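Undergrad: Sequence and computational prediction follow.
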Amino acid sequence: MEHLILLIGTLVAILVAVVVFKVNIGVSLLLGTLFFGLMIQPIPNVLDTMFLTLTNEATILLILISIEIVFFVNLYSATKMIDEAQSYIVSKVRNLKLLSVIIPSFLGLLPIAGGALLSAPFINMIGNDIGLNKGEKVFVNVWYRHTLLFACPINDALILTAALASVKLSNLIAFLLPSMLVMFACGYPLLMKKRVRTEVTLAGRRSSGISLLPFMLAVTVATILATILNMGLYGIALGTLAGIISLLLIGKPRGSGILKSLMDRRALTISLVLYSAMLLRAIIAGTDVPSSIGSLSLTFPSVIFEMLLPFFLGYMLASISGAIALSFATFAAGMVLRVQDVALIYGSAFLGYTVSPFHLCLVFTAEYLKTNVTSAYRYMLPAAAVTIISLIVMRLV
């Protein structure tokens, strides 16, 4: 039990470092993990565990995939193909209500830094024509930016979840899909009750359907290889690589653009989070933490561990990868997890992150629309609650 108490203290310190002192989440997790390891093991043992974790096949693949995904989305932005793809969608979809869902959903699948600002002008313009207030606009932009991402096979947080929980990605996605549909449906009644006031003319920029090809290729190949052909992380890596190659061939970026897309601090941060999660799990495996948590899970309803704690971590850290790393490398380590349980833990962390007031998508959108982040909570919190309830129902099936 003493190891569990030390671990809880370490988690609190990590939360304080990230939330209060704004320390990088990757650095905080790594330092916290090393502190925990050095408090319970000799230095040589910790060094051995660090080396074994670094050379572990799953760790290498996770880091490779995270670098690929960041490079891929940066290239999309550098080549301006993301703008072309968005304009192409606008030119083909004339239903304003449907367009207000499609634009943020598509951009959400490509988690570009500040990406919420790309769709915010469209949502603001369309919202004016269908009568949305500022809080409703914030909700639509942020909520739909995360609906399809929730069960996307090239979502790095979902990939990390499958790796840490040792479940098949295809099985996990299968259990998440019903809740993803619920999540999608939660926002649409708000749009359905609105009436289009005027005809809107959407400014036409250069657009081409071929701009969607790299993204569609990456998702399709990754899905087929990872889920249908059961190649797991290798399939995700190859699928993302296929998208990158097609993007290089079609977009023809300059050398400086390629280098800038590759040298992104986010890739380092995500890699640190992934490595720290795998390292912390390896260190915890040699302690009494799993058995202590197993005993507690028999005392308290397991839903507390599977829903409330991940939601809290996602809400406080405003980092889905960080919340997943802490959830599965710590308290979930002492629990017998079915894929339904894994889906609930992941979904709760994801939704906590989505509604977090520190979440940059929420902050950027609210700032653009000149309103407070809490203006969207009237719509966002009930939608998050309904989605979590759907995850609980799936867990009980």
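TA: Yes, it's here.
Undergrad: Show me where the protein dips below the pLDDT cut-off.
TA: 111-115, 193-208, 293-294, 296-299, 333-334 (pLDDT under 70).
Undergrad: what about the strands in it?
TA: Ranges of strands within the chain: none, based on DSSP state E.
Undergrad: In it, spot the helix with the most residues.
TA: In the chain, taking DSSP state H as the definition, the longest helix is helix 169-192.
Undergrad: from the chain's centre, how far out does it sit?
TA: Counting by C-alpha atoms, centre = their mean, to the nearest Å, helix 169-192 is centred 15 Å from the centre of its parent chain.
Undergrad: got a list of what the nearest residue to Leu326 once chain neighbours are set aside touches?
TA: Spatially, and ignoring its direct neighbours in sequence, Leu326 is nearest to Leu313 (5.4 Å; C-beta to C-beta, 6 or more residues apart in numbering). Every residue, glycine included, has its C-beta placed from N, CA and C. By C-beta atoms under 8 Å, 6 or more residues apart in numbering, Leu313 lies in contact with Leu15, Gly322, Ala323, Leu326, Ser327, Ala349, Gly352.
Undergrad: Pipe these into JSON lines and attach neighbour count per row.
TA: Formatted as JSON lines, these follow (neighbours: other C-beta atoms under 10 Å):
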{"residue": "Leu15", "neighbour count": "18"}
{"residue": "Gly322", "neighbour count": "28"}
{"residue": "Ala323", "neighbour count": "30"}
{"residue": "Leu326", "neighbour count": "29"}
{"residue": "Ser327", "neighbour count": "28"}
{"residue": "Ala349", "neighbour count": "31"}
{"residue": "Gly352", "neighbour count": "26"}
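Undergrad: circling back to that earlier point, next, the buried residues of the longest helix of the chain.
TA: For helix 169-192, burial by neighbour count (16 or more other C-beta atoms under 10 Å) applies to 169-173, 175-176, 178-180, 182-184, 186-187, 190-191.
Undergrad: which residue ranges form the helices in the stretch 251-397 of the chain?
TA: 255-262, 265-285, 289-299, 302-303, 309-317, 320-329, 339-355, 360-368, 377-396 (DSSP state H, counting those that start in this stretch).
Undergrad: Kindly calculate the angle that the longest one makes with helix 255-262.
TA: Relative orientation of helix 265-285 and helix 255-262, computed by axes from the mean of the first three to the mean of the last three C-alpha atoms, to 10 degrees: 30 degrees.
Undergrad: ok, Cys152 touching Leu109?
TA: Yes: assessed by C-beta atoms under 8 Å, Cys152 is found in contact with Leu109 at 5.7 Å.
Undergrad: which residues do those two both contact?
TA: Common neighbours of Cys152 and Leu109, counting by C-beta under 8 Å, 6+ apart, are Val219.
Undergrad: which of these two has more neighbours?
TA: Shown here are Cys152 and Leu109; by other C-beta atoms under 10 Å, Cys152 has more neighbours (23 against 19).
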